[in-house]
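Undergrad: fold the stuff below for me.
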Amino acid sequence: MRSRVSIAGHPVHPMLVPLPIGLLAGSVVADLGYIVTGREEMWANIAFWTLIGGLITALIAAAAGIAEYFLMARRTDAAEMARWHGMLNAGATVLFAISLVLRLNEVSLSGGRFGAAFALSVVALGILAISGWLGGELSYRKHLGVAPDTAQQEAQERERHLIER
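TA: Numbers count the residues shown, from 1 in each chain. This next block holds a predicted model:
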């Protein structure tokens, strides 16, 4: 089924998700750099700023995903999977946000606050991976946001997926 939130026929949500995924995963990589280098502060700064960028872009991607859910996915046989995808993303975003809050002052680089922030980010990244897999299932198996080649294929996809008319 074609995406209802698109630019020139290209769905917006899949265009946006690589930014938060890359930035949030990059924050965990930077945390590992901080640990491996004996707590070189540059890595902590990179993790902090990539978390901020990741959270901002996650909210933008989420807006497109929420619109897509209400305009298309909730009326299909993929509605439950789409809900889980959204809830997992929301949970991961909250954990990343808490991780960011724990890093807001210099004290965070020492003691248990860094460990807690790092652990939250690692758990959030795992949740994000599961949610990303569900997003792939929504596109590749359920064909949400995919433009069929012909009008006949479009009609077949609509017939296959639509539960509500």
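
Undergrad: quick one, grab the pLDDT at residue 162.
TA: Looking at residue 162, its pLDDT reads 66.

Undergrad: same check, this time on residue 26
TA: We have a pLDDT of 98 for residue 26.

Undergrad: what packs against the strand or helix carrying it?
TA: If you go by DSSP states H and E, residue 26 is part of helix 18-36. If you count contacts as 3 or more C-beta pairs under 8 Å, 6 or more residues apart in numbering; DSSP states H and E, helix 18-36 packs onto helix 41-71, helix 79-102, helix 112-140. Where you see a C-beta, it was placed from the backbone N, CA and C, and this is true even at glycine.

Undergrad: quick check: buried residues in the longest one?
TA: For helix 41-71, the neighbour count (16 or more other C-beta atoms under 10 Å) marks 43-44, 46-48, 50-51, 53-55, 57-58, 61-62, 64-65, 68-69 as buried.

Undergrad: return the helix or strand in the protein with minimum mean pLDDT.
TA: When the helices and strands of the chain are scored by mean pLDDT, DSSP states H and E, helix 151-161 comes last with a mean of 79.

Undergrad: in that one, which residues are buried?
TA: Using 16+ other C-beta under 10 Å as the test for burial, helix 151-161 gives 157, 161.

Undergrad: quick check, central residue of the protein?
TA: The geometric centre of the chain, computed from its C-alpha atoms, lies nearest to residue 89 (C-alpha atoms, centre = their mean), at 5.3 Å.

Undergrad: tell me how far the closest residue to it other than its chain neighbours lies from residue 85.
TA: Taking C-beta to C-beta, 6 or more residues apart in numbering, and ignoring the residues beside it in sequence, residue 89 has residue 131 as its nearest neighbour in space, at 4.9 Å. Applying C-beta to C-beta, to the nearest Å, the value for residue 131 to residue 85 is 5 Å.

Undergrad: and residue 17, by the same measure?
TA: 11 Å.

Undergrad: now do the shared contacts for those two.
TA: Contact criterion C-beta atoms under 8 Å, 6 or more residues apart in numbering; residues shared by residue 17 and residue 85: residue 135.

Undergrad: so where's the protein shaky on pLDDT?
TA: Applying pLDDT under 70 to the chain picks out residues 107, 111, 162-165.

Undergrad: one more time with 90
TA: Counting by pLDDT under 90, the low-confidence segments of the chain come to 1-4, 8-10, 72-73, 75-77, 105-112, 142-165.

Undergrad: tell me how many other residues crowd residue 98.
TA: Neighbourhood size, residue 98 [other C-beta atoms under 10 Å]: 15.

Undergrad: many thanks, have a good one.
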